[in-house]
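>>> How does the following fold in three dimensions:
(one chain, ligands or ions: 1)
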Amino acid sequence: MRKNIVAGNWKMNNTFQEAEELISVIADELDEKDLQCEVIVCPPSIYLEMASDYGEESILSIAAQNVSGYDNGAYTGEVSASMLEAMGISYSIVGHSERRKYFNETDAQLAEKVDRLLDYNMKPIFCIGELLEEREAGNHFNIVESQLEKGLFHLNKDEFLNVVVAYEPVWAIGTGVVATPEQAQEMHSFIRGLITKKYGVDIAEDTTILYGGSCNASNASTLFANKDVDGGLIGGASLNADDFIKIIESF
Ligand code: PEP
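Reported below is the predicted structural model:
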């Protein structure tokens, strides 16, 4: 059955002490609640071990923000899926627009990262989404289709069952300009339609598709109320425990 998820992407923020305080407050607060979604926290990689300890003692799942497309070996500065898996990390974001833009990650490299995660029974949170100029030119559906085809659609059905898709229009990320609920639903329904064509209706209905881009405590409930929006990938608002918890409670 399709799972609702709220995932907090901390990006490159917080000192160790701030990170530990934030995750401990979130874990404590959620302990007393009847949750309608899985909650994932994605700290910087250097804090994953600490976060994983909190994950073991709470209902939180922990995700990396990135993973190497290579297996272990002479790849200075990289962190492998096997290392993450051994630390109890169950997910990794792949293909965030900041990785595509600032680190020139290509669709082919992202497909490798997805494969490495699946090799180690981890789950990719695979990000797709168009630039503002691509939407203005009416190309947003083509862009999203191409990102899905190149990054994910080489998977077989069993592999695809482990994937979470995150639709993140780049023009909405960190800008305060959120997609309207209609824009989000339209694209999520398009994405689910593509998954249906490729893998069949049962797999498409079971696939979690998150929205990301300036989602906050005030707009989360109208976004999540759409039938194809199964939660959110949250950037800025996940750095404040109260805001993040309000978003988690928006279902
Ligand atoms: C993100 O970076 O994935 C994101 C959605 O950021 P924000 O919520 O800050 O727009």
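>>> Can you report phi and psi for residue 236?
Taking degrees, to the nearest 10, you get phi -50, psi -50 for the backbone angles of residue 236.
>>> Surely residue 148 is in a helix?
Yes - according to DSSP: H, G, I helix; E, B strand; the rest coil, residue 148 belongs to a helix.
>>> dump the residue contacts of it.
Shown in contact with residue 148 (Cβ atoms under 8 Å, 6 or more residues apart in numbering): 128, 165, 191, 194-195. (Each C-beta comes from the backbone N, C-alpha and C, glycine too.)
>>> Show me where this protein has its helices.
For the chain, the helices defined by DSSP state H cover 16-31, 48-57, 81-86, 97-102, 107-119, 132-136, 140-151, 157-160, 181-199, 201-206, 220-224, 241-248.
>>> closest one to the ligand among those?
Closest to the ligand of the helices of the chain, according to Cβ to the nearest ligand atom: helix 97-102, at 6.8 Å.
>>> which bits of the stretch 151-251 of the chain sit near the ligand?
168, 173-174, 212-215, 233-237 (Cβ under 6 Å from any ligand atom).
>>> Going by distance to the ligand, which of the residues you listed wins?
Nearest to the ligand among those, counting by Cβ to the nearest ligand atom, is residue 235 at 2.1 Å.
>>> now the closest one, nearest residue through space, not along the chain?
Closest residue to residue 235 apart from its sequence neighbours, by Cβ to Cβ, 6 or more residues apart in numbering: residue 9 at 5.2 Å.
>>> for residue 83, same thing?
Leaving out its chain neighbours, the residue that sits closest to residue 83 by Cβ to Cβ, 6+ apart is residue 72, at 7.6 Å.
>>> which two from the residues of the stretch 151-251 of the chain next to the ligand end up farthest apart in space?
The two members of those with the most space between them (Cβ to Cβ) are 168 and 237, at 13.8 Å.
>>> between these two, which one's more packed in?
Using other Cβ atoms under 10 Å as the criterion, residue 168 and residue 237 rank with residue 168 on top: 26 against 20.
>>> Tell me how many other residues surround the residue lying closest to the more buried one once chain neighbours are set aside.
Leaving aside its chain neighbours, residue 168 sits nearest to residue 212 (3.7 Å; criterion: Cβ to Cβ, 6+ apart). Using other Cβ under 10 Å, the number of residues around residue 212 comes to 28.
>>> Would you mind measuring from residue 212 to residue 135?
Relative to residue 135, residue 212 is positioned 15 Å away (Cβ to Cβ, to the nearest Å).
>>> repeat for residue 169
Per Cβ to Cβ, residue 169 is found 7 Å from residue 135.
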